Structure formats: C-alpha cells, structure tokens
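Q: Quick check, what structure comes out for this input:
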Amino acid sequence: MASLSIFFPAFNEEAIIERTVHGALKAAQANGADYEVIVVDDGSADATAQIVTRLAQEDPHVRLVRHATNRGYGAALRTGFASATKDLVFFSDADGQFDLGELPATLELASASPVVAGYRIKRSDPWHRLFIARSYRLIVWLVFGLRVRDIDCAWKMLHRDALARVELESNGAFISSELLIKLKRAGVPLTQIGVHHYPRTTGVSKGATPMVILRTIRDIIRLRLGMPLAPRQPQEAGAAPR
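A: Next comes the predicted model:
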C-alpha cells in the first residue's frame, strides 16, 4: 500500500484545526502504517501553530511547518508540496468543510490515476461565491482550455512523480488552476471524484475578496503570457527541497 502525506494550509484556524488533524489521522491510519499529517501555518495570528505543536508532541505522525508571515494560499500549498515526503500527496483545507472519512474512495482511484481531483457535489457557499466560481471556471476554460468540474475544490491527491512534472509559482488563490493547467500541459491524466461539502462552522472565509480576485486576474494574464507569477520565496525551515 502506498505511503501517504496529508497536508492542510491553515491561517487563523484555531477553532477547528485540532478536529481537522484528528480526522486526517483517522483517515490515514485506515490506509496503512506509513503516513504523515502536515499543517502549513501561514503566519497565523491566533493559536493555530501552538495547537499543532502540541498535537505533534502527542503523535509523531503530525508535523508543523510554519511561515513567519502570511504569504498567501498558494505559498502555503507550495510549502506543503515541498514538505510532503510520501508516495501520495493529498491536500485539503483546514476549515472543516470536507469529510475526511471520504478519503478511501479517492485513494482507490489514485491506485490507477496519477491525479485525483475532487468536485463539490453541492457547494455550501453563498450565492455570490457560486456566481464568481462559475464565471471563473468559464474564463479558465476559454483562456487555457481546461475543463474540469470544480477548479478550486480543495480536495486533490497526486502521485509524487506527477507532482514532480510541474513547477508551481503562484502565491495566491490561482494556485489550484495553475496546478491543473500545468498538469494538463504535461500530459498527466486526471480523474475526478465527487465529494460532499459542508458549511463553515468556525472562522471566516478568506477567498473571493476583491484583492484575491484582482491577484487571480493578474496571475491568469501572466501565465497566459508566459511570465513568472511571483518572485521566488526563500524556503521555509522544515520544508524538504524539490
């Protein structure tokens, strides 16, 4: 059975992070003995990092990687990918909107597919976010020819060799699209799976703000023109080189 890395980008998720880590440990234990659960704390101002530090002391499968300052969702994902050490790499959000008990079905598909991308069967977000998401999906299809059901669904599993075929640059929300676009360009097959999505019960959503939208538009233009998406950042302590 393949070894498994599960990681979560987290920013100010002190109210939910312990439950999220415990859910990941339970799902990983069902897969086998060789696993790790990583939380990438993206410069949280609350107790997120302290909680994960305690969990790591209680269970050696848990690891904290921390950004000294908030660098953005894309930067946290890139750090997570660089820090993962196992054969399969899975990431999701730390906010509790997905049920990690659904992971076995994704693992089963990953045995035959190098990339498994989730799509939300029924997205539990306000109407304006649904409208933005549909418009964004249309733009990415028109500009890059990428047709997937849910570009930004934070439920993706990749084989390490598939991940090694792309170099990610974005520090922002465009990272999910960049990942799928570059995998498509590299000829890496993708399988999609429906997953349930639940309302956020703690914290505040950080997506779909005007600044996030403007930065995403900038990244779309830069990738289309073949320009760098972001300046290179120094590698965080605890992140394995890629």
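
Q: Only C-alpha atoms from now on, for both contacts and neighbour counts.
A: Noted.

Q: Quick check: buried residues in the helix or strand that contains I193?
A: Following DSSP states H and E, one finds I193 within strand 191-195. By 16 or more other CA atoms under 10 Å, the buried positions in strand 191-195 come out as 191-195.

Q: For it, which helices and strands make contact with it?
A: On a contact count with 3 or more CA pairs under 8 Å, 6 or more residues apart in numbering; DSSP states H and E, strand 191-195 meets strand 115-120.

Q: could you give the mean pLDDT of the helix or strand just after the strand it packs on?
A: Once the chain leaves strand 115-120, the next helix or strand it forms, by DSSP H and E, is helix 127-144. Mean per-residue pLDDT for helix 127-144: 81.

Q: From the contact counts, what lies against helix 127-144?
A: Using 3+ CA pairs under 8 Å, 6+ apart: helix 127-144 touches helix 210-224.

Q: Any buried residues in the helix or strand of the chain with the lowest mean pLDDT, and which?
A: Using mean pLDDT, DSSP states H and E, helix 127-144 stands out as the lowest-scoring helix or strand of the chain, at a mean of 81. For helix 127-144, burial by neighbour count (16+ other CA under 10 Å) applies to 133, 136-137, 140, 144.

Q: At which residues are the strands of the protein located?
A: Remark: strands assigned in the chain by DSSP state E are 4-10, 35-42, 62-67, 88-92, 115-120, 155-159, 191-195.

Q: Format those as CSV; extra columns: distance to T209.
A: Output for those, formatted as CSV (distance: least, CA to CA, whole Å):
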stretch, distance to T209
strand 4-10, 17
strand 35-42, 18
strand 62-67, 22
strand 88-92, 20
strand 115-120, 21
strand 155-159, 21
strand 191-195, 25
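
Q: now the least confident helix or strand of the chain and helix 210-224, what's the angle there?
A: 10 degrees (axes from the mean of the first three to the mean of the last three CA atoms, to 10 degrees).

Q: still on that earlier bit, between the buried residues of strand 191-195, which sits nearest I217?
A: In terms of CA to CA, no member of the buried residues of strand 191-195 lies closer to I217 than Q192, at 25.3 Å.

Q: Enumerate every residue touching that closest one.
A: 116-119 (CA atoms under 8 Å, 6 or more residues apart in numbering).

Q: try 10 Å this time
A: For Q192, the contact set (CA atoms under 10 Å, 6 or more residues apart in numbering) comprises 106, 109, 113, 115-119, 148-150, 156.

Q: cool, E102 as well?
A: E102 neighbours (CA under 10 Å, 6+ apart): 27, 194-196.

Q: farthest-separated two in these?
A: Farthest pair in the contacts of E102, by CA to CA: A27 and G194, 17.5 Å.

Q: before we move on, back to that, which one, of the strands of the chain, ends up nearest to N171?
A: Going by CA to CA, the one of those nearest N171 is strand 35-42, 11.3 Å.

Q: relative to strand 62-67, how tilted is that closest one?
A: Using the same axes, to 10 degrees: strand 35-42 against strand 62-67 is 20 degrees.

Q: So which elements touch strand 35-42?
A: Secondary-structure packing of strand 35-42 (3 or more CA pairs under 10 Å, 6 or more residues apart in numbering; DSSP states H and E): strand 4-10, helix 17-31, helix 48-58, strand 62-67, helix 73-83, strand 88-92.

Q: how about low-confidence regions in this structure?
A: 127, 203-208, 230-242 (pLDDT under 70).

Q: can you count the residues close to A47?
A: 14 (other CA atoms under 10 Å).

Q: For it, which non-adjacent residue is closest in space?
A: Nearest residue to A47 in three dimensions, chain neighbours excluded: E14, at 5.5 Å (CA to CA, 6 or more residues apart in numbering).

Q: circling back to that earlier point, who wins on neighbours among the contacts of Q192?
A: Going by other CA under 10 Å, V115 tops the contacts of Q192 with 27 neighbours.
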